[in-house]
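In: Show me the folded form of this:
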Amino acid sequence: MENLALLALCIPTLAAMGYAHHRLPYHTPDTRQLRIARAVLLVTGAAFGWLMARIYGALTDLNPILIFLTSMAIVHVPAAAILFIKRQRPGE
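Out: Predicted structure coming up:
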């Protein structure tokens with residue numbers, strides 16, 4: 001049952017991750033900065049996901065892969081929210 005709740009959290013956070021990476025090219029001036037922004041998000045997300053999977057995977061019965069995916073994707077939620085707000089501005 002707990003894995004189902006984690007899956008319910010995983011799906012929207014993965015959508016936010018996809019949205020953030022989809023919208024980044026519209027708000028970065030060149031490909032170098034786009035690559036840096038994507039690398040920072042992915043490396044930070046992977047590190048956070050790995051850490052959470054190691055800690056909570058050992059302490060709970062939750063699926064470590066779901067923990068990793070959810071944790072990695074949740075790092076992208078603030079970026080997705082900022083990019084969503086920027087898109088709502090007139091002239092964008």
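In: Name all residues that make contact with the residue nearest the centre of the chain.
Out: In the chain, the C-alpha nearest the mean C-alpha coordinate belongs to Ala73, at 2.5 Å (CA atoms, centre = their mean). Applying CB atoms under 8 Å, 6 or more residues apart in numbering, one finds that Ala73 lies in contact with 10, 13-14, 16-17, 45. Yep, even glycine has a C-beta here, placed from its N, CA and C like the rest.
In: can you tell me which of those lies nearest to Leu51?
Out: When the contacts of Ala73 are compared for distance to Leu51, the smallest value, 10.8 Å, is given by Gly45; criterion: CB to CB.
In: and the residue nearest to the centre of the chain, how far is that from Leu9?
Out: Counting by CB to CB, to the nearest Å, the gap between Ala73 and Leu9 amounts to 9 Å.
In: centre of the chain versus the top helix by length along the chain, how much separation?
Out: Ranked by residue count under DSSP state H, the longest helix found in the chain is helix 31-59. On the basis of CA atoms, centre = their mean, to the nearest Å, helix 31-59 sits 8 Å off its chain's mean C-alpha point.
In: Return the list of helices and strands in contact with it.
Out: Applying 3 or more CB pairs under 8 Å, 6 or more residues apart in numbering; DSSP states H and E, one finds that helix 31-59 makes contact with helix 2-27, helix 64-74.
In: redo that, cut-off 10 Å
Out: Judged by 3 or more CB pairs under 10 Å, 6 or more residues apart in numbering; DSSP states H and E, the packing partners of helix 31-59 are helix 2-27, helix 64-74, helix 77-88.
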